[in-house]
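J.: next come a sequence and a model predicted from it.
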Amino acid sequence: MSARITQYFSLFFSLLLLTACASEVQRPANFTEVKDAMAMYPDYQGVTIPPNIAPLNFMVHNKGEAYIAEVAGKKGELLAEGDANGKFSFDTTAWRNLLAQHRGEKLNVRVFVKRPGHWVALPPTTFEVAQEPIDSFLSYRLIEPGYELYRQVGLYQRNLTNFEERPIYENNREYDNENNHCVNCHNFQSYDTERMLFHVRSRHGGTVFVNGDKVQKLNMKSDSVLANSVYPSWHPHQNWVVFSTNKTGQAFHIAGKKKVEVVDYGSNLVFFDVDKLELTNIFKTKNVMETFPAWSPDGKRLFYCAATVKGFQQVPDSLHSNVALNSYDSIYYNIYSIPFDAQTRTFGEPVLEVDCASEGRSATVPRISPDGRYLLYTLGGFGQFHIWHKDADQWVKDLQTGQSYALTPANSDEVDSYHTWSSNGRWIVFSSRREDGNYTRPAIAYFDPQGQARKAFILPQADAEYHKLLLRSYNVPELTRKAVRISPEQFREVIYNDAGTQNVTYRSAHP
């Protein structure tokens, strides 16, 4: 069968599917258009979406006796009947076909509400289908809003093309003092799951590394390094990781709406050769705190955040925590970069990339777009742990023009913090508290070729009310092209085998 005939059959089959699905639910024959605003949840009105995203199931709070939703374009339409609460679930196959046929086009969205004796049509909205897909998998940590016990903490992976979520690794479902541990800071090399890592804290502590089929747990501690390894960034090509090493404390507000402050009172950057299990200091400074490393896509520069705390000079190291906690709201982080020579594995002199401190602001989590042009970061009022700072927003710096600006359409009035790029640079996913001010949810926004973001939308779920009912926060969203191959059971076997934990070696300088 020729490629052209195959293409015709594929198109015919897709149209048949759409027609079949559409015929099951009928648009009202008679209705009246009204001006009542559509009360849609989640707010998907006017968003730009990937052509491979799962159905944007939603509900409307407009009162009625029955509901019908229509999503229509030039090449087909999809209808769904809502339940008694105005909740819609679209057929996944029909949705996928509809989006595939309307890449680069807008879909009109209309909701019909039956009121006593007649149907009304709410004002329509649109979904714009982008040409570029998003990476298929999103990994994140789910964590309860507690600070005392490591209960029900896990790393999970969601297939963005459907609603499948599976655990990468979970700790203990119930509190178990003998095996109580936390997992955090998962990281992948260049959107691939062949090389990945995450930390285990407390019982069975260590850093778990994956290299193909090999899984090992390492003890990253060294007397020559400030503290344990924390925030990682994997070199895009080599089996090297740069970590920050942080001394961190937290303090709780006793009044007002603010809940907690997470404060560093010491941090440096270290270089780790995974093959040789060798750790080397990049920075070992007393008054400057370096953190959140991020490689450029070509591996020739390392970006990071740094804050100078003058008060550290006047006191011994043991009192740095007091200084940091007493001045937490006046510690400001700038973004710097340093050149890197892969042959000698040495770093050059720091270059100031984003000056926030001079304006009484603070930047965190620098991430470079895959084409190397845009520096994405979170800007807030102070400090480096912005996930509890309501003023935190997504910003970019155009490294070509030097201009920095807020991604206004994607930001909200609540916290918009930790972020990841898609591998094609057209999508960003970030943590947002826009839903209720308390729980973080993954927000997805299109980033166009001109460097502007579109309105963000919350991760779609099979049940439109899922995010309202979930009592855990999404933490550290990371996109990958493929699923993690290592099973939770394989990870558990390595993590619980404390006798098999290997120690790393420290080198004072690179060879």
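T.: Nice, thanks for sending it over. Numbers count the residues shown, from 1 in each chain.

J.: residue 220 and residue 405: what is the separation?
T.: 37 Å (CB to CB, to the nearest Å). Bear in mind the C-beta positions are built from the backbone N, C-alpha and C, glycine included.

J.: the more surrounded of those two?
T.: residue 220 (22 against 11; other CB atoms under 10 Å).

J.: without its sequence neighbours, what residue ends up closest to the more buried one?
T.: Computed as CB to CB, 6 or more residues apart in numbering, the closest residue to residue 220 that is not its neighbour in sequence is residue 229, at 4.2 Å.

J.: can you get me a residue count around the one you found?
T.: Residue 229 - counted by other CB under 10 Å - has 24 other residues nearby.

J.: dihedrals phi and psi, it?
T.: Main-chain dihedrals, residue 229, degrees, to the nearest 10: phi -70, psi 140.

J.: neighbours of the closest residue to residue 274 other than its chain neighbours, how many?
T.: Of all residues not flanking residue 274 in the chain, residue 239 sits nearest, at 4.4 Å (CB to CB, 6+ apart). Counted with other CB under 10 Å, the neighbours of residue 239 add up to 15.

J.: could you do residue 84 as well?
T.: The number of residues packed near residue 84 is 9, by other CB under 10 Å.

J.: can you check the pLDDT for it?
T.: According to the prediction, residue 84 has pLDDT 95.

J.: and for residue 3?
T.: 41.

J.: for the one 4 residues further on, same thing?
T.: In this model, residue 7 is scored at 43, pLDDT.

J.: now swap in residue 89 and tell me
T.: Here, the pLDDT recorded for residue 89 equals 97.

J.: please renumber so the chain begins at 41
T.: Sounds good: first residue 41 from here, last item residue 129.

J.: list the contacts for it?
T.: Each residue near residue 129 by CB atoms under 8 Å, 6 or more residues apart in numbering is listed here: 95, 97, 120, 502, 503, 504.

J.: can you point out the buried residues in stretch 231-251?
T.: Buried positions in stretch 231-251, judged by neighbour count with 16 or more other CB atoms under 10 Å: 231, 233, 235-241, 243-250.

J.: list the residues that contact the residue nearest to residue 314.
T.: If you count contacts by CB under 8 Å, 6+ apart, residue 279 has them with 235, 251, 313, 314, 315.

J.: can you tell me which of the residues you listed is closest to residue 163?
T.: residue 235 (49.0 Å; CB to CB).

J.: please tell me how far the residue nearest to residue 314 sits from residue 252.
T.: Where residue 252 is concerned, residue 279 sits at a distance of 11 Å (CB to CB).

J.: what is in contact with those two at once?
T.: residue 235.

J.: and the gap between the residue nearest to residue 260 and residue 257?
T.: Counting by CB to CB, the separation of residue 269 from residue 257 is 13 Å.

J.: next: residue 149.
T.: Distance from residue 149 to residue 257, by CB to CB: 49 Å.

J.: isn't residue 167 right up against residue 111?
T.: Yes: using CB atoms under 8 Å, residue 167 is in contact with residue 111, at 6.9 Å.

J.: common neighbours of those two, please.
T.: Taking CB under 8 Å, 6+ apart as the contact rule, residue 167 and residue 111 both touch 147, 149.

J.: all strands of the stretch 191-340 of the chain, in order?
T.: For the stretch 191-340 of the chain, applying DSSP state E, counting those that start in this stretch gives strands covering 194-199, 205-210, 221-229, 232-242, 246-251, 254-259, 269-274, 280-292, 300-313, 318-323, 328-335.

J.: same question for stretch 178-189, mean pLDDT?
T.: pLDDT averaged over stretch 178-189 gives 82.

J.: with stretch 197-205 instead?
T.: In this model, stretch 197-205 has a mean pLDDT of 98.

J.: with stretch 216-234 instead?
T.: On average, stretch 216-234 scores 92.

J.: from the chain's centre, how far out does that stretch sit?
T.: Relative to the chain's own centre, stretch 216-234 is displaced by 15 Å; criterion: CA atoms, centre = their mean, to the nearest Å.

J.: distance between the ends of that stretch?
T.: Its start and end residues considered, stretch 216-234 measures 32 Å (CA to CA, to the nearest Å).

J.: same check on stretch 179-199?
T.: Counting by CA to CA, the terminal residues of stretch 179-199 are separated by 9 Å.

J.: cool, stretch 246-266 as well?
T.: Across stretch 246-266, first to last residue, CA to CA, it's 16 Å.

J.: look up phi and psi at the nearest residue to residue 510 once chain neighbours are set aside.
T.: Of all residues not flanking residue 510 in the chain, residue 479 sits nearest, at 7.1 Å (CB to CB, 6+ apart). For residue 479, the backbone dihedrals (degrees, to the nearest 10) come out as phi -100, psi 140.

J.: what sits against residue 479?
T.: The contact partners of residue 479, taken as CB under 8 Å, 6+ apart, are 185, 473, 507, 510, 511, 512, 513, 514.

J.: and these as JSON lines, adding neighbour count, distance to residue 440 and secondary structure?
T.: Putting the contacts of residue 479 into JSON lines (neighbours: other CB atoms under 10 Å; distance: CB to CB, whole Å; DSSP: H, G, I helix; E, B strand; the rest coil) gives the following:
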{"residue": "185", "neighbour count": "12", "distance to residue 440": "41", "secondary structure": "coil"}
{"residue": "473", "neighbour count": "22", "distance to residue 440": "32", "secondary structure": "coil"}
{"residue": "507", "neighbour count": "19", "distance to residue 440": "37", "secondary structure": "helix"}
{"residue": "510", "neighbour count": "15", "distance to residue 440": "40", "secondary structure": "coil"}
{"residue": "511", "neighbour count": "8", "distance to residue 440": "44", "secondary structure": "coil"}
{"residue": "512", "neighbour count": "15", "distance to residue 440": "40", "secondary structure": "coil"}
{"residue": "513", "neighbour count": "18", "distance to residue 440": "35", "secondary structure": "strand"}
{"residue": "514", "neighbour count": "25", "distance to residue 440": "32", "secondary structure": "strand"}
